[in-house]
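# dropping a prediction and its sequence here:
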Amino acid sequence: METESKGKQPFLIADSSGLISLTSHTDRNYPYALRAARRLEETQATILVPYDVYAETINMVGKKQGHAQAHEVGQFLSKTAPFLVIDSSPSAREKALSRLLTLSASVSYTDAVVMAVADEFQTEKIFGFDEAFANCGYENIPRWSEAEAA
């Protein structure tokens, strides 16, 4: 049943780069993230937020903008469609750990989790701006090249 539900709805996997851009009006990629999120909401796509990404996002927002803003972002991500915070599976975490051996040193474990969860949900679409995803064969939503051109 779980696999059946995965195939019926379009999924994207969130990365903290996309989430931080979306939740920070001063981020240079904010307009691109906001436009993409609005389009995704119209298509009824679900943006899966692996808990690893959720924690990283909350930590980064807390350090840069304070705990009140981190709390607000956490509430937004956990209670607002099209976002759905999920636990990564043990197999996705193991795959991410193994994948670190083949990735550039600039790619984090959390990025590897994003890719492993994308594989698990059979999607190549990642809501984020890290060039590493495109370099590994995933599609950045919004497109990384569009944001870089601005």
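That came in fine, so what should we check first? Keep in mind that what you see is a predicted model, and the values were worked out from it rather than measured. Residues are numbered from 1 along each chain as shown.

# can you mark which positions in the top helix by length along the chain are buried?
Counting residues, the longest helix found in the chain (DSSP state H) is helix 51-65. The neighbour-count check on helix 51-65 (16 or more other Cβ atoms under 10 Å) flags 52-54, 56-58, 60-62, 65 as buried. For glycine as for every other residue, the C-beta is placed from the backbone atoms N, C-alpha and C.

# buried ones in whatever helix or strand comes next after it?
Downstream of helix 51-65, the next assigned helix or strand under DSSP states H and E is helix 67-79. Residues 70, 73-74, 77 are the ones in helix 67-79 that count as buried (16+ other Cβ under 10 Å).

# any chance of those residues in CSV, with distance to residue 135 and pLDDT too?
Shown next, in CSV, are these (distance: Cβ to Cβ, whole Å; pLDDT from 0 to 100):
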residue, distance to residue 135, pLDDT
70, 30, 97
73, 27, 96
74, 30, 97
77, 26, 96
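
# shouldn't residue 93 be in contact with residue 113?
Yes. Contact criterion Cβ atoms under 8 Å: residue 93 and residue 113 qualify, at 6.6 Å.
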